[in-house]
Structures are given as structure tokens and as C-alpha cells.
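S.K.: Provided below are the primary sequence and the corresponding predicted coordinates.
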Amino acid sequence: MVVAPTRAEALSLFRSLLRTARQFSDYNIREYTRRRAADAFRENRALGDVAAVAAAFADGKKLLEVAKRQVVVYSLYAPKAKSIMEMKLQ
Amino acid sequence: MALSRRLLLLPLLLRRGSTPSVSPARALSTAAVTADAPAAAAEEEAMTIKGVRISGRPLYMDMQATTPVDPRVLDAMLPFYLSRYGNPHSRTHLYGWESDAAVEEARARVASLVGADPREIFFTSGATECNNIAVKGVMRFYRDRRRHVVTTQTEHKCVLDSCRYLQQEGFEVTYLPVRPDGLVDVAQLADAIRPDTGLVSVMAVNNEIGVVQPLEEIGRICREKGVPFHTDAAQALGKIPIDVNQMGIGLMSLSAHKIYGPKGVGALYLRRRPRIRVEPQMSGGGQERGIRSGTVPTPLVVGFGAACEIAAKEMDYDHRRASVLQQRLLDGIRGQVDDVVINGSMEHRYPGNLNLSFAYVEGESLLMGLKEVAVSSGSACTSASLEPSYVLRALGVEEDMAHTSIRFGIGRFTTEEEVDRAIELTVHQVKKLRDMSPLYEMAKAGIDLKSIQWAQH
């Protein structure tokens, strides 16, 4: 029995993904995670099929777990020098 | 959070305190720093590496050399570095069984990305090893009847060097020229195939200029003539759709670290029907059905499998983004600097690659000036030499233009802001060098540089 997530559940997942994305110490990974999550939710907004919505939701939840774990791993080995993209132009 | 970070820094501070302090004079001497710089020095904050002072980590645009590991890939790999360390070839306990299951799952993922059967995928150490097995292995196996190889002048070094090696063993090799746009002439390729041709090797996407060869047509010709078709798809996997059956591919070299996977693992695709056989390069325990002996590195293979699975899902999205960013980069540079030439076809090109030549600029000075952008003039394998790229020379690019080429790589994690910064820094550097260049001044004054009789030394 497949049940589509409620609107509130989907929004909550989206917010969790964005919040986790912000915690990545790496500039590129942080930007990618945020952008990919936003694009995926925008693309999937038009999904009508219950099974497809449920599959996308399950996928997102799995990725949230991956992101949460990797935020920790990245923070453990973050290089001391920042990316020049995080610095102001001279 | 702040507290824990401070605690993490503590051992480092202690270590730094205990080492003999560097005298100010020595700190300024770049030579001394390069001479005894330990690996850990690369981690120090405002870095001086190889005599270059860098304020931060440069933005990375050398995606053809290697790509960063995707966090989703690392997440799949880590369990196999921790508790699941079994040898996949151990048949007597759980550790072996779980590793074996993971390896086979990864094999299926790699196979599915290229439309192959998992039994046709053999894990190796990378695309270089695959190319060696493919080129030397096929020719050695069929050496009695097949004495000739057809390849192109723009292949990767490891294919060309394998061919050179075969020539020393008495085989004949035809190195096909390419058109000025970097594509191989298919009619010329068909003419070059002889009754004793044992292999046609043409790479899918060029590592330096990113042009996509007409694989389907080449595959059709090879099938008609009954010659195995090998393609080095290290730069193509996960970036353009590949189907081994549709493209008539007999052997294919794949690499993990070009698709956000780990370094040190690749795979050889070897067709089963009609069966193509190779002579193994290594003797040993007979792993990978005797094609490549040596313990299969479970964590790396699992990472490769994960990278392939992600690539299959993300190919369209990544491709769209790369196209947009490539256009942005090209427009940005061309809008501010004139006499910029694109090397290789724009039409038949993987959009994550933009190889540009800047006229009247000295290439090494440009690259050294662009220390905040990690780019290269071409292949990482040959970027240490001052020779112009043999790929660009094969395209008929003049030596001075081949010297000033820069390869910009755009990948999954490249941002708009990075592209904009790369444009800004490149334009600034090119303008600065051209302001100093008498050649540029003369060219602007309408003098044909080729007509100048330079004094003989």
C-alpha cells in the first residue's frame, strides 16, 4: 500500500534538506546540495501519480540521511584554508 | 559547535608549538619551503606551495583531470572501510560473502549504465590499465592472424604508448589524422581497415578538447568488417548516453574518478557475443575470471557502483547545467577579450569541457597568473612539460596557439559564481599579459605577424 506524503511532510523534508545543506563545510557541496534539493522539489511539484510522489519522497528521505552523515564527515576533515569563493575579492 | 571545533584544533596547536619555530628569513624564502615542505604543510592556512602564495583554496575547474568524490559515493564506501572489510574472494565466511555481494551489486550498476551484461564487466585499477589490457591483450591473443591496429592521433597517451609497444613487437599501427574540429573522418577510418586488422581503438570523448567521436558509425563499420571496436570512454561515462549494443562496442575502458567516484578503480567492458578474448597482463589468483588477477578492492568498487547509479539518475540534470555554465563561460570571456579560439568542435562536444586558446599570450604565464583557478593547459599527464599538446597539434592548431590553450572543466559541483570568478580572473590576466605584449600591439596595428622576418640567432 503506497501512501503519498502530505504537503506538510513534503515541506518539512525540503526544509530539513536545506538546513542540512547549509551545514556542509565545503563550499561546492553546500551549494550543490541546496541547489539540487530546490530543483528536485520544483521539478517534482507537478508529479500527480501517487506511487511516483511516494518514491520521490522516500528518495529524498534517504538522501537527507546521507547528507546528515556526510556533514559530520566533512566537518571532521575540513581543510583550514577556505575556498577563495568564500573570501572577499581583494 | 564552536567549542568542539576549538578542541579539535588543540592537538594541532600543541604540535605546532613543539616543533622548532621557522625563522622569519626562512619563512620568506620560497626555495626553502619547497625543499622541505612536508605533506602536512599543504594544510596550513595562508599557503605557500611550490613557491606560489595562495590566499585560499583555488576554485576547481580541472574536471577532466579528476572530479571531487560525491558525498553520496563516499557514504556508500565508508562501511567497507570500517566493519565490512572482508576479501570478496573469501568463500568460507560472512565477511567474504557480504563483500562479494557488494561487488556484484556494483558490477550490475556499472553494467546497467552502459547497457551491458554484468558478466561483461571486469574491475581494474583504472582506464589506463583497461586500455593496456584492451590494446595489447586483444592483439596478443589473436597475433597469428591479426597484425594491424587502427587508432587516431588524438588518443590518450596510454593507448598511443600501448600501440608504440605493439609496433616494437612487430605489429603495424595506423594513426589516423583528425579533422580541424577534432573528429575522425569515418570514411578514412573504413579505408584504413585491412583484412588483418585486429582492433580499432577510438576514444569516445577526448580528454583535452571534449569532442565526441561518432561512435555509432564507427561501431557499424567495425561490425560490418568483423573487427573488434575498442573505445576509451573514461571521459564519456555518465556524461553522454552510452549503449554498447547500439554503438557496436566490443571493448570499453571506464574509470571511476572521472564521474565523482574514487581514484584507483575502473572497469573493462568485454563483449560476450560475439566473444572477444584478451591475453591478461598480470598473472595471479585468477580473479575477475582471469582477466585481471589481484584482490578486487571492495570499497573502491562499491564507490564506482554508487557513482554509476548516481550518474544514471543525474545525467540529464548535470548535462543541462554544464551546457548553461559552458555558455556562460564562453560568452563571458568572449564578451571582454577578442582573438579567443575554441579548440575542437563546438557542435559535437561534451559541454563540461571548454578548451580555449588566447592569441598573443604566453601560455605558461597565463596559467601561472591564474593561480586562483585550478585549470590546466591540457592533459594532466603531459602538463608538466612545456611541449604544446599533441592533441591540438593533430588538429592543425599552430604552435603559438597550442601553447596558449586553457582547458576549463565544468562539473556537477561547479557554481555560477565560480564561472563568473573564472571569467573575471582570466580576462584580467589575459588583458594584463596583452598590455605587455609587443606582438599584440603589432597585430592591433595591422601587421601580419607571420610576415615578420625575425633575426636569426
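M.R.: Yep, that arrived. Numbers count the residues shown, from 1 in each chain, chains lettered A, B, ... in the order given.

S.K.: mind listing what's buried in stretch B:281-293?
M.R.: B:287-288, B:291-292 (16 or more other Cβ atoms under 10 Å in any protein chain shown). Bear in mind the C-beta positions are built from the backbone N, C-alpha and C, glycine included.

S.K.: same deal with stretch A:21-37?
M.R.: A:21, A:23-24, A:26-34, A:36-37.

S.K.: Checking the spatially most central residue of chain A next. Helix, strand or coil?
M.R.: Nearest to the geometric centre of chain A sits A:Leu17, at 3.7 Å (Cα atoms, centre = their mean). With DSSP: H, G, I helix; E, B strand; the rest coil as the basis, A:Leu17 sits in helix.

S.K.: That one: what's it in contact with?
M.R.: Each residue near A:Leu17 by Cβ atoms under 8 Å, 6 or more residues apart in numbering or on different chains is listed here: A:33, A:37, A:60, A:63-64, A:67.

S.K.: now swap in B:Asp316 and tell me
M.R.: Counted by Cβ under 8 Å, 6+ apart, B:Asp316 has zero contacts.

S.K.: Now do it against chain A, distance only.
M.R.: For B:Asp316, the distance to chain A equals 10 Å [Cβ to the nearest Cβ, to the nearest Å].

S.K.: One more: B:Trp454?
M.R.: 39 Å.

S.K.: B:Thr124 too?
M.R.: Distance from B:Thr124 to chain A, by Cβ to the nearest Cβ: 28 Å.

S.K.: same check, this time on B:Ile221
M.R.: In terms of Cβ to the nearest Cβ, B:Ile221 sits 40 Å off from chain A.

S.K.: Secondary structure class of that residue, three-state.
M.R.: Going by three-state DSSP: B:Ile221 is helix.

S.K.: If B:Leu254 is in a bridge, with which residues?
M.R.: B:Ala267 (DSSP bridges).

S.K.: quick revisit: closest one of the contacts of A:Leu17 to B:Ile209?
M.R.: A:Thr33 (31.5 Å; Cβ to Cβ).

S.K.: wait, what's in contact with the closest one?
M.R.: A:17, A:20-21, A:24, A:67, B:71.

S.K.: Redo those residues as TSV? Include secondary structure.
M.R.: Output for the contacts of A:Thr33, formatted as TSV (three-state DSSP):
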residue	secondary structure
A:Leu17	helix
A:Thr20	helix
A:Ala21	helix
A:Phe24	coil
A:Ala67	helix
B:Pro71	helix
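
S.K.: possible to save those as CSV with pLDDT and distance to B:Val159?
M.R.: CSV is the format used below for the contacts of A:Thr33 (pLDDT from 0 to 100; distance: Cβ to Cβ, whole Å):
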residue, pLDDT, distance to B:Val159
A:Leu17, 98, 43
A:Thr20, 98, 43
A:Ala21, 98, 41
A:Phe24, 98, 38
A:Ala67, 98, 39
B:Pro71, 98, 33
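
S.K.: for these, which one is nearest B:Tyr95?
M.R.: Out of these, the member with the shortest distance to B:Tyr95 (by Cβ to Cβ) is B:Pro71, at 26.4 Å.

S.K.: from what I can see the closest one touches A:Lys68, true?
M.R.: No. Assessed by Cβ atoms under 8 Å, B:Pro71 is found out of contact with A:Lys68, at 10.7 Å.

S.K.: who's more crowded, the two?
M.R.: Between B:Pro71 and A:Lys68, counting by other Cβ atoms under 10 Å in any protein chain shown, B:Pro71 is the more crowded of the two (23 against 14).

S.K.: Could you tell me what pLDDT the model assigned to the nearest residue to the more buried one once chain neighbours are set aside?
M.R.: The spatial neighbour of B:Pro71 that comes closest, neighbours along the chain excluded (Cβ to Cβ, 6 or more residues apart in numbering or on different chains), is A:Gln70 at 3.9 Å. With respect to pLDDT, A:Gln70 scores 98.

S.K.: which phi and psi does B:Val150 have?
M.R.: phi -110, psi 130 (degrees, to the nearest 10).

S.K.: so what's it up against?
M.R.: B:173-174, B:176, B:189, B:192-193, B:197, B:199-201, B:227.

S.K.: Could you list which of those belong to strands?
M.R.: B:173-174, B:176, B:197, B:199-201 (DSSP state E).

S.K.: Distance from stretch B:316-335 to the middle of the chain?
M.R.: Relative to the chain's own centre, stretch B:316-335 is displaced by 19 Å; criterion: Cα atoms, centre = their mean, to the nearest Å.

S.K.: Name the residues of the helix or strand hosting A:Asp59 that come out as buried.
M.R.: Secondary structure assignment for A:Asp59, by DSSP states H and E: helix A:50-76. Buried residues in helix A:50-76, counted by 16+ other Cβ under 10 Å: A:53-54, A:56-57, A:60, A:63-64, A:66-67, A:70-71, A:74-75.

S.K.: And it, what does it pack against?
M.R.: Helix A:50-76 sits against helix A:7-22, helix A:27-44, helix B:71-77, with contacts defined as 3 or more Cβ pairs under 8 Å, 6 or more residues apart in numbering or on different chains; DSSP states H and E.

S.K.: what's around B:Ser365, how many residues?
M.R.: 15.

S.K.: Can you give me the distance of the nearest residue to it once chain neighbours are set aside to B:Pro299?
M.R.: In this structure, B:Ser365 finds its nearest non-sequential neighbour in B:Leu433, 5.8 Å apart by Cβ to Cβ, 6+ apart. Per Cβ to Cβ, to the nearest Å, B:Leu433 is found 45 Å from B:Pro299.

S.K.: Check the secondary structure at B:Arg407 for me.
M.R.: B:Arg407 is classified as strand under three-state DSSP.

S.K.: Please read the previous query as pertaining to B:Met368.
M.R.: helix.

S.K.: any idea of the pLDDT on it?
M.R.: The model reports B:Met368 with a pLDDT of 86.

S.K.: Next up, phi/psi of the closest residue to it other than its chain neighbours, please.
M.R.: Nearest residue to B:Met368 in three dimensions, chain neighbours excluded: B:Val52, at 7.7 Å (Cβ to Cβ, 6+ apart). Dihedral angles of B:Val52 (phi, psi; degrees, to the nearest 10) stand at phi -110, psi 130.

S.K.: correct me, but B:Glu309 touches B:Arg109?
M.R.: Yes. Judged on Cβ under 8 Å, B:Glu309 makes contact with B:Arg109 at a distance of 4.8 Å.

S.K.: Just give the closest residue to the closest residue to chain A within the stretch 301-450 of chain B, not the sequence neighbours.
M.R.: Residue nearest to chain A within the stretch 301-450 of chain B (Cβ to the nearest Cβ): B:Phe413, separated by 3.8 Å. Closest residue to B:Phe413 apart from its sequence neighbours, by Cβ to Cβ, 6+ apart: A:Asn28 at 3.8 Å.

S.K.: That neighbour touches A:Ser83, doesn't it?
M.R.: Yes. A:Asn28 lies in contact with A:Ser83 (Cβ under 8 Å); the separation is 7.4 Å.

S.K.: Tell me where the chain is predicted with low confidence.
M.R.: All of this refers to chain A. Confidence mapping of chain A against pLDDT under 70 gives the ranges A:1, A:88-90.

S.K.: try chain B instead
M.R.: In chain B (pLDDT under 70), the answer is B:1-47, B:379-386, B:456-457.
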